[in-house]
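**Q** show me the folded form of this:
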Amino acid sequence: MNSLLGIWEEFVNIATLGNSLDKAILSKVKLDFTSNEVRILVNDEFTKTWIENNYLDRIKSLYEHYDMKVVIVLSKSDSEKQPEEKEAKIQKKSTKNETKKTTSILEAEPEIKVSDSENKNYGNLNSKYTFSNFVVGPSNEFAYHAALNVARIPGGMYNPLFIYGGVGLGKTHLLQAIAHEVISKNKLKKVMYVTSEQFINDFFKAMNEKNLHSFRLKYREADVLLIDDVQFFKSSMKQVMEELFHTFNKLFHDRKQMVFSSDRAPKELEEFSDRMKSRFESGLIVYIDKPDLETRLKIVEAKFRSEGIDAPEDVINFIANNITDNVRSLESAVLKVIAYTSFSKKPIELKTVKDILSENSGTKSNGKQEEQNPESQIIITYTIDEIIEAVTSYYEISKEDIFNGSKQDGLIMARNLIIYIAKRITNMSFSQIGEVLNRTHSTILRAYEKTESLLRKDLLLREQLKEILTLLKSKKNVA
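**A** Below is the predicted model of the structure:
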């Protein structure tokens, strides 16, 4: 009998992790065991309906192994006492006792009240990572709307949702925004946001404590599971990978929402088995690109305003034009400017900001950019037509060769360099480049990634890129 009760107590502790409302309700429930039945005794119709809607299926599964039936029984206790009887008892109590009773009730209320702060701290959520604080632009618009749809209809058509992109582009922000949104709409939902590292650590802790049952309850009973940075899972961790696989299957079968993030697409996750990759790919895959200039301007302005500062327009423009890596770098630059000017008591003005950020952006106070990589030397605006002109001129091919879809190696490389250069030194998105070259978004993305990879190891190609950029600059009469 103790083991049956222990199963219940363990279930309550795991299933209500981070949710004081659930724990308060379930902790008041009493259990009665017979040889073939688990009777859940509740005091009111609300609790009975609430358990039926939220927990009954899971509770039944706990006791299936013992061939025991689970029923909820409305207890004939306080809930069915006559009002007159209750009133008589109240009148007999002294004023002192009434005061004690009132105090005890007030002290008990926090146990069943779920505050916003509790939910926002649950699962290591950052309170600032909400949809309202996410700056939307062409580079992340699709990912934003997909995440918003998932948050509003968890377990719907976009399950799983897989978000990938480079470092500091907003993947974590979107995952946590989903968590915040789900919790704000329904505090009874079990929302689990973890990093891959936390998932791995939880597994090995459960292994060491010989308590995998608790681990599985924690992750497989979630209504929404969000795992950040799945690229850190390793194929050598076979047991961890197996648990992730079965966790995915259980949640997918139960129509529970899953969201994953990575720095690369599922097909490029070499540490994962084909069966796991196929599961990542079974839902919606969205890519977050580097923010274009317009989005960077919005991000910089929003960051200054969030810190209560109305920054000059030329300062905002300078930061947005020179910090192009990612959102994190932009926000870090803004905070560095704010910190320096606050400590030095200097106003936020362009000359000061140029000096502060010289090490970040590779710019000197005179505005000229130091060499970091070939394309970073371009500091003025170019059009894709000018890039096409420079590439075709360099390789001595016609523009028609670029557009006609020829699969000759030389033409493919020229076309890929146009895509790479356009993405690096213009504000065009992959989709916009695709429209010009009559290619799909995915084709443009693959071409860009392939060229980026080649440039890391092909010195000849890198030299050609430098020469093309020099030719491009010369056409603008830029020394």
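**Q** what about the helices in the stretch 101-250 of the chain?
**A** Assigned by DSSP state H, counting those that start in this stretch, the helices in the stretch 101-250 of the chain fall at 116-121, 141-152, 171-185, 196-208, 212-220, 238-253.
**Q** in TSV, list the ones you listed along with mean pLDDT and distance to E64.
**A** Every C-beta, even on glycine, is put in place using the N, C-alpha and C of the backbone. Output for the helices of the stretch 101-250 of the chain, formatted as TSV (pLDDT from 0 to 100; distance: least, C-beta to C-beta, whole Å):
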stretch	mean pLDDT	distance to E64
helix 116-121	38	32
helix 141-152	90	31
helix 171-185	93	29
helix 196-208	89	22
helix 212-220	91	14
helix 238-253	92	15
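**Q** export those helices to CSV and tack on distance to I468 and mean neighbour count?
**A** Formatted as CSV, these follow (distance: least, C-beta to C-beta, whole Å; neighbours: other C-beta atoms under 10 Å):
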stretch, distance to I468, mean neighbour count
helix 116-121, 49, 15
helix 141-152, 31, 20
helix 171-185, 32, 23
helix 196-208, 39, 16
helix 212-220, 50, 18
helix 238-253, 44, 16
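**Q** the closest residue to G137 other than its chain neighbours: neighbour count?
**A** In this structure, G137 finds its nearest non-sequential neighbour in T295, 2.8 Å apart by C-beta to C-beta, 6 or more residues apart in numbering. Counted with other C-beta atoms under 10 Å, residues neighbouring T295 total 23.
**Q** what does D325 give?
**A** 17.
**Q** wait, doesn't it sit right on K290?
**A** Yes - in this structure, D325 is within contact of K290 by C-beta atoms under 8 Å, at 7.2 Å.
**Q** got the contact list for the residue most central in space within the chain?
**A** Compute the mean C-alpha point of the chain, and by C-alpha atoms, centre = their mean the closest residue is L175, 2.2 Å away. Contacts for L175 (C-beta atoms under 8 Å, 6 or more residues apart in numbering) come out as A147, I163, Y193, L226, D228, V259, S261.
**Q** give the contact list for the nearest residue to it once chain neighbours are set aside.
**A** Distances taken as C-beta to C-beta, 6+ apart place L226 nearest to L175, at 4.6 Å, with adjacent residues excluded. Counting by C-beta under 8 Å, 6+ apart, L226 touches L175, Q176, I178, A179, V191, M192, Y193, V194, M258, V259, F260.
**Q** roughly how far does L226 sit from D385?
**A** In this view, L226 and D385 are 43 Å apart by C-beta to C-beta, to the nearest Å.
**Q** now do I425
**A** For I425 relative to D385 (C-beta to C-beta), the value is 13 Å.
**Q** list the buried residues for stretch 250-267?
**A** L251, F252, K256, Q257, M258, V259, F260, S261, S262, D263, A265, P266 (16 or more other C-beta atoms under 10 Å).
**Q** for the last one, which non-adjacent residue is spatially closest?
**A** What that stands for is P266. Spatial nearest neighbour of P266, chain neighbours left out: F280 (3.8 Å); criterion: C-beta to C-beta, 6+ apart.
**Q** OK, contacts around the one you found?
**A** P160, F162, V230, F260, P266, L269, F272.
**Q** the third one: how many residues sit nearby?
**A** It refers to V230. When neighbours are counted by other C-beta under 10 Å, V230 comes out with 23.
**Q** how near is it to E181?
**A** According to C-beta to C-beta, V230 stands 21 Å off from E181.
**Q** before we move on, what about the last one?
**A** Applying C-beta to C-beta, the value for F272 to E181 is 28 Å.
**Q** now swap in T130 and tell me
**A** 8 Å.
**Q** with K351 instead?
**A** Counting by C-beta to C-beta, the gap from K351 to E181 is 42 Å.
**Q** what's the helix or strand harbouring E463 packed up against?
**A** Using DSSP states H and E, E463 falls within helix 459-475. Here helix 459-475 touches helix 384-395, helix 409-425, helix 441-457, going by 3 or more C-beta pairs under 8 Å, 6 or more residues apart in numbering; DSSP states H and E.
**Q** buried set for that helix?
**A** Within helix 459-475, the residues scored as buried using 16+ other C-beta under 10 Å are L461, Q464, L465, I468, L469, L472, K473.
**Q** make JSON lines out of those residues and add pLDDT and distance to P138.
**A** What follows is those, written out as JSON lines (pLDDT from 0 to 100; distance: C-beta to C-beta, whole Å):
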{"residue": "L461", "pLDDT": "86", "distance to P138": "28"}
{"residue": "Q464", "pLDDT": "88", "distance to P138": "29"}
{"residue": "L465", "pLDDT": "89", "distance to P138": "25"}
{"residue": "I468", "pLDDT": "89", "distance to P138": "25"}
{"residue": "L469", "pLDDT": "86", "distance to P138": "24"}
{"residue": "L472", "pLDDT": "84", "distance to P138": "23"}
{"residue": "K473", "pLDDT": "79", "distance to P138": "26"}
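**Q** farthest-separated two in those?
**A** Across these, the longest distance by C-beta to C-beta is 18.9 Å; it joins L461 and K473.
**Q** any idea what the residue nearest to L175 is bridged to?
**A** In this entry, L226 is beta-bridged to Y193, V259, by DSSP bridges.
**Q** and stretch 157-175, end to end?
**A** 17 Å (C-alpha to C-alpha, to the nearest Å).
**Q** likewise for stretch 183-191?
**A** End-to-end for stretch 183-191, by C-alpha to C-alpha: 7 Å.
**Q** poorly predicted segments of this structure, please.
**A** By pLDDT under 70, the low-scoring segments of the chain are 1-3, 14-22, 46, 53, 65, 76-123, 343, 358-381, 427, 476-479.
**Q** domain-wise, how is it divided?
**A** Listed domain ranges for the chain are 2-81, 131-288, 293-367, 376-475 (source: automatic domain parsing).
**Q** out of these, deepest packed?
**A** Comparing those by mean neighbour count (mean count of other C-beta atoms under 10 Å), domain 131-288 comes out on top with a mean of 19.
**Q** what's the closest non-adjacent residue to G168?
**A** Nearest non-adjacent residue to G168, counting by C-beta to C-beta, 6+ apart: R328, 3.0 Å away.
**Q** where does Y287 sit: helix, strand or coil?
**A** strand (DSSP: H, G, I helix; E, B strand; the rest coil).
**Q** check for me that V38 belongs to a strand.
**A** Yes - judged by three-state DSSP, V38 forms part of a strand.
**Q** three-state assignment of the nearest residue to it once chain neighbours are set aside?
**A** Nearest residue to V38, sequence neighbours excluded (C-beta to C-beta, 6+ apart): V70, at 4.7 Å. Three-state call for V70 (three-state DSSP): strand.
**Q** I402 versus V70, what's the distance?
**A** Taking C-beta to C-beta, one finds V70 at 68 Å from I402.
**Q** cool, I200 as well?
**A** 47 Å.
**Q** with Y55 instead?
**A** According to C-beta to C-beta, Y55 and I402 sit 61 Å apart.
**Q** and R152, by the same measure?
**A** With C-beta to C-beta as the criterion, R152 and I402 are 43 Å apart.
**Q** check S431 too.
**A** The separation that S431 has from I402, given C-beta to C-beta, amounts to 18 Å.
**Q** many thanks, I have nothing further to ask.
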